[in-house]
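S.K.: take a look and give me a structure for this.
(3 chains)
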Amino acid sequence: MPELPEVESVVRALAPMLTGRSVKNVRVLNRSTVAGSPRKPSVLEGRRVERVLRRGKYIVVHFDEAFAMAVHLRMTGWLGVKTQAQVAEEQDKFVRMVFELDEAPGRGAEWLLFRDIRKFGRVWCGRREEIIALKSFNKLGPEPLAITPEAFAERLHAHRGRLKSLLLNQAFLAGLGNIYADEALFEAGLHPLALAQQVKPDSARRLHAAIQAILGKAISAGGSSIDDYLHPDGTPGWFQRELKAYGREGEPCTRCKAPIKRDVVGQRGTWYCAKCQKKR
DNA sequence: ATCTATTCCTGGCTGC
DNA sequence: TGCAGCCAGGAATAGA
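M.R.: Below you'll find the model as predicted:
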């Protein structure tokens, strides 16, 4: 499941392949993949890529003439570049959108593909200011790798909810998902059900440090390949091997050897060590 | 403000 | 081998 480190890995891989290239043609193979009203991916035809960046879990592509595209991979989305020959050979029924690219020096005819098994992923196309103004995009909270410990603690204490739910709330912090929320709470030694408002200042600081450390390590590892996530070139990330709580029900805690527990918190599977993650 | 349930969607798993 | 039924889950949405 792509979260911040996975999306960051996608952006870093795609940026050198896409920057400077033009989209000749856009084809939509699954209508619901294209979000927005009106749906208008054809506005990107003839536009040249200026930048590829990340905001929260969104991949954002800036085009010339102030056009832009935002992509959310949700559960099973994948972006990558393939040659026309590869695409023809593979006959991949899960490709939902195809962007025909111009021929760059040293590269033949290539297509940017959006592949998505479960069709939860979404692509928005339009003018840059329209994309930025999208309400789902506009209400995103701060970037977890940019926020200061002080600002983080202040935000934390301004909320009444449970830590796990808060970390998953994209308006609170943009980019954490189920995997890294559990990992950050484990690392900080905080219980998923702890009330945000009751978290003591030193615990808030530990949580902030844990979030930044986990995300930094996961980005360096190319993210976690769980279920379907793969890099744009088809290779897996390897941070899944470093996970200490997520998906490890029954396995011994790496700190105290007690078995990792799984509960459901806010309709999400939640893994934690009941012995060393305390509610306060 | 916060919480819960529901929807989207399909591969993979379980059980018969 | 086949098939029905269930599950996971990010985000939007509605309702409490």
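S.K.: got the residues of the stretch 101-250 of chain A near DNA strand B?
M.R.: The interface of the stretch 101-250 of chain A toward DNA strand B, taken as C-beta under 7 Å from any atom of the strand, is made up of A:I117, A:R118, A:K119, A:F120, A:H159, A:R160, A:G161, A:R162, A:S165. Backbone N, C-alpha and C define where each C-beta goes, glycine included.
S.K.: now the strands for chain A?
M.R.: A:23-28, A:49-55, A:58-63, A:67-72, A:77-83, A:95-101, A:110-116, A:122-127, A:261-265, A:268-272 (DSSP state E).
S.K.: the fourth one packs against which elements?
M.R.: When you say that, I think you mean strand A:67-72. strand A:58-63, strand A:122-127, helix A:128-133 (3 or more C-beta pairs under 8 Å, 6 or more residues apart in numbering; DSSP states H and E).
S.K.: comparing those, which gets the lowest mean pLDDT score?
M.R.: If you rank the helices and strands packed on strand A:67-72 by mean pLDDT, helix A:128-133 sits at the bottom with a mean of 91.
S.K.: around DNA strand C, pick out the residues from the stretch 101-250 of chain A.
M.R.: A:R118, A:F120, A:K135, A:S136, A:L168, A:Q170, A:G177, A:N178.
S.K.: how about the contacts made by the fifth one?
M.R.: Counting by C-beta atoms under 8 Å, 6 or more residues apart in numbering, A:L168 makes contact with A:L176, A:G177, A:N178, A:A181, A:G266, A:R268.
S.K.: distance-wise, check it relative to A:P192.
M.R.: Taking C-beta to C-beta, to the nearest Å as the measure, A:L168 falls 10 Å from A:P192.
S.K.: circling back to that earlier point, sort out for me which of the contacts of A:L168 are in helices.
M.R.: Among the contacts of A:L168, DSSP state H puts A:N178, A:A181 in helices.
S.K.: what's the closest of the contacts of A:L168 to DNA strand C?
M.R.: A:N178 (3.4 Å; C-beta to the nearest atom of the strand).
S.K.: is it true that that closest one touches A:A245?
M.R.: No. Shown here, A:N178 and A:A245 do not form a contact pair, counting by C-beta atoms under 8 Å, at 10.8 Å.
S.K.: of the two, which one has the most company?
M.R.: When A:N178 and A:A245 are compared for neighbours, A:A245 comes out ahead with 26 against 20, by other C-beta atoms under 10 Å.
S.K.: before we move on, back to that, need the strands of chain A in TSV (columns: mean neighbour count).
M.R.: Listed next are the strands of chain A as TSV, based on neighbours: other C-beta atoms under 10 Å:
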stretch	mean neighbour count
strand A:23-28	17
strand A:49-55	17
strand A:58-63	22
strand A:67-72	22
strand A:77-83	21
strand A:95-101	20
strand A:110-116	22
strand A:122-127	22
strand A:261-265	15
strand A:268-272	20
